[in-house]
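1. build the 3D model from these lines:
(2 chains)
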There are 2 protein chains.
Amino acid sequence: MKRVFNFSAGPSMLPLSVLERAAAEMTDANGTGQSVMEMSHRSKDYKPIIENAEALLRELMGVPSNYKVLFLQGGGSLQFAMVPLNLGAPNAAGRRRASYVDTGVWASKAAEEAARFMDAKVVASSKDRAYAYIPAAPAPDPQDAFYHITLNNTIVGTKWSKLPETGSVPLVADISSCILSEPLDVSKFGLLYAGAQKNLGPAGLTVVIVREDLIGKAAAETPTMLRYDIHAKEGSMYNTPPCYAIYVLGLVLEWMKASGGVEAMGKRNLEKAAVLYDYLDSSRMFRCPVDKEFRSLMNIPFVNGDAELEGRAVKEAAAADLVNLAGHRLVGGLRASVYNAMPREGVVALVDFLKRFEAANGR
Amino acid sequence: MKRVFNFSAGPSMLPLSVLERAAAEMTDANGTGQSVMEMSHRSKDYKPIIENAEALLRELMGVPSNYKVLFLQGGGSLQFAMVPLNLGAPNAAGRRRASYVDTGVWASKAAEEAARFMDAKVVASSKDRAYAYIPAAPAPDPQDAFYHITLNNTIVGTKWSKLPETGSVPLVADISSCILSEPLDVSKFGLLYAGAQKNLGPAGLTVVIVREDLIGKAAAETPTMLRYDIHAKEGSMYNTPPCYAIYVLGLVLEWMKASGGVEAMGKRNLEKAAVLYDYLDSSRMFRCPVDKEFRSLMNIPFVNGDAELEGRAVKEAAAADLVNLAGHRLVGGLRASVYNAMPREGVVALVDFLKRFEAANGR
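-> The predicted structure is shown next:
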């Protein structure tokens, strides 16, 4: 069996032990004589699987009891519509308004989609410097239904180093690329959402964590399948959920718990990221374009400026089993996504490769 | 390894060879050093996987070249909204109208959801006799945007024995529980949709087959992720698709092709269903409540009337590794779902069990 270090922005690496267990249980899970893929979602065989995934997520993230955990489909992109449709209730003046902070492509897409359903204002943006920083967040209008941020920006490699103070206005965050990467105080948020395919499991599962008092105010035009209240009431079983992805999520969370939980993950991720950032800050070939204060622990872009040389680095790295290092087409250069399942050895191997590449192509 | 015969209405059985291959490739698929779950959806490793699944589906179903095949999320329930939002363009009189035939719970839910977005009329219903037949379908109003049927009714066990003639009005069908179970002339339809978790693969994947001229007329309020034109333009990659479920779909379709394709499936399914229907028609304990002309090949309900005896049959069957035979709560009794992956031996084993049960509990 061959294994590579996969630096993809998502879907990306999963712990080998998780994959091995999924393989071992593929034709007969827990002595049921069925694959989890074959289990009726309403059967007594499947019930403990989804309950285990939710319980572990609540435990590891410290989700307060007045929050619902929903297992949905459609990725972050569907949340871009579901958030304004569900949380965008009219204010005292009868207006449906929210504030969005534009910190990159996904943040901007979220704001654009919301603007189709409500008055979604972009109140701050870091577009002026190619999103290389997180802008100062203005205080919210107390009449706003919510305040939306993208906590970690996958493409440009920034993260909010300090949460904005939004008072009574619910803070909503896309945490797709940083969920469970370090401790996060869920109680500071009205709603959190994350596509699973980065830190949680396979693509096709979206986790939504929402404070109960925010549920039940969906706009009249909201399709039933896009209503949080329906999914909350039915325990994510309004229709057939993505059962197998939820099962793999449970395995990943078990691995995470056995690895020390989110505090240990955060410590490990800080160390891993430091290995690469330290190299980049001393390199004469590559540099990270992000302001130090806002550097992501999960997505680390780096550039040289010479596209030919960058392309060659990506190619030679792949030949050395360090794959998917090409930067997003909007940023260019290279990008190493180092999610929870990327072991420290992978980052060390990458830095070793980059040092060799730099020495061989020195300038 | 234990294996059971799983008669669940979905998710349900998958071919053992498919599960074994998925297990074998779990940590290293095609020598990439990655699980398919870990592959970037835009990588050269994943591209042939989604292309293979689409090509096989087109080949096995005989999908004409002027139809798009979309791999989406959200199940049939999300299609209940997407169909009217996308196909419900105003007619010459400025009205958004469609006809729905009510042949059961899911058909009824589809009509109800559509009625939230347009004038969706229920033009025929078989509710008067607990959905035990398919009603005569009235000719469509030529001003209608589409005409919706549920080709196979999972809960009550009926299927359309003859398609309605809808002329120039596009025929739309939910084929979740009968896709690829027997030959179907795709060119008779404007749009077909199916959740994968019955005949295609794991839950979390929805297949939509839509005639190209029907794409691009979505209502203004349609969320971006619910627009067929967006998904068609992006080749089902507007955002991250349910990659692993698409991979398993490909494996299932390879198995189906190697098993002789849809004609062979249809023949085998007819024979399988006959084994059970023949027993039921001769049984003095159980009877199938569905009119013979409209009996489903996939979902076979049967009742006795004595709930205690029915419950005991379900329980004793499970003890004999014949699982998930309880009927839907709305119908009661028992139900055997015998999708493509259920081998003939499973149905024979079920009939043998039922005969023994009947003899032991004779009345």
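
2. for residue A:192, which three-state class applies?
-> Under DSSP: H, G, I helix; E, B strand; the rest coil, residue A:192 falls in the strand class.

3. what distance do you get for it to residue A:339?
-> To residue A:339, residue A:192 is 17 Å away according to Cβ to Cβ, to the nearest Å. Using the backbone N, CA and C atoms, a C-beta is placed for each residue, glycine as well.

4. so residue A:159 touches residue A:133, yeah?
-> No: applying Cβ atoms under 8 Å as the test, residue A:159 and residue A:133 come out as separate, 10.8 Å apart.

5. for chain A, what spans make up the helices?
-> Using DSSP state H, the helices of chain A run over A:16-24, A:47-61, A:75-87, A:105-114, A:228-233, A:243-258, A:261-282, A:307-319, A:344-360.

6. which residues touch the first one?
-> The contact list for helix A:16-24 (Cβ atoms under 8 Å, 6 or more residues apart in numbering or on different chains) reads A:3, A:247-248, A:251-252, A:255, A:341, B:23-24, B:26-27, B:35, B:37.

7. redo that, cut-off 7 Å
-> Residues outside helix A:16-24 that contact it (Cβ atoms under 7 Å, 6 or more residues apart in numbering or on different chains) are A:3, A:248, A:251, A:252, A:255, B:23, B:26, B:27, B:35.

8. the last one too?
-> The contact list for helix A:344-360, computed with Cβ under 7 Å, 6+ apart, reads A:5, A:268, A:271-272, A:275-276, A:279, A:283, A:285-286, A:313, A:316-317, A:320, A:322, A:336, A:338.

9. follow-up on the earlier one: dump the helices of chain A into JSON lines; add mean pLDDT and mean neighbour count as well.
-> Output for the helices of chain A, formatted as JSON lines (pLDDT from 0 to 100; neighbours: other Cβ atoms under 10 Å in any protein chain shown):
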{"stretch": "helix A:16-24", "mean pLDDT": "98", "mean neighbour count": "18"}
{"stretch": "helix A:47-61", "mean pLDDT": "98", "mean neighbour count": "18"}
{"stretch": "helix A:75-87", "mean pLDDT": "98", "mean neighbour count": "26"}
{"stretch": "helix A:105-114", "mean pLDDT": "98", "mean neighbour count": "22"}
{"stretch": "helix A:228-233", "mean pLDDT": "98", "mean neighbour count": "19"}
{"stretch": "helix A:243-258", "mean pLDDT": "98", "mean neighbour count": "23"}
{"stretch": "helix A:261-282", "mean pLDDT": "98", "mean neighbour count": "16"}
{"stretch": "helix A:307-319", "mean pLDDT": "97", "mean neighbour count": "15"}
{"stretch": "helix A:344-360", "mean pLDDT": "98", "mean neighbour count": "16"}
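
10. now render those helices as TSV, adding distance to residue B:225.
-> TSV is the format used below for these (distance: least, Cβ to Cβ, whole Å):
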stretch	distance to residue B:225
helix A:16-24	28
helix A:47-61	24
helix A:75-87	4
helix A:105-114	8
helix A:228-233	16
helix A:243-258	17
helix A:261-282	30
helix A:307-319	31
helix A:344-360	33
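
11. mind checking how far the residue lying closest to residue A:153 once chain neighbours are set aside is from chain B?
-> Excluding the flanking residues, the one nearest residue A:153 by Cβ to Cβ, 6 or more residues apart in numbering or on different chains is residue A:104, at 4.0 Å. For residue A:104, the distance to chain B equals 15 Å [Cβ to the nearest Cβ, to the nearest Å].

12. point out the residues in the stretch 51-200 of chain A that sit beside chain B.
-> A:73, A:74, A:75, A:77, A:78, A:81, A:113, A:195, A:197 (Cβ under 7 Å from any Cβ of the partner chain).

13. change it to 6 Å
-> When proximity is defined as Cβ under 6 Å from any Cβ of the partner chain, the stretch 51-200 of chain A approaches chain B at A:73, A:74, A:75, A:77, A:78, A:81, A:113, A:197.

14. with the stretch 251-363 of chain A instead?
-> For the stretch 251-363 of chain A, the residues in contact with chain B (Cβ under 6 Å from any Cβ) are residue A:324.

15. again, only this time at 10 Å
-> Residues of the stretch 251-363 of chain A lying near chain B by Cβ under 10 Å from any Cβ of the partner chain: A:318, A:321, A:323, A:324, A:326, A:329, A:337, A:341.
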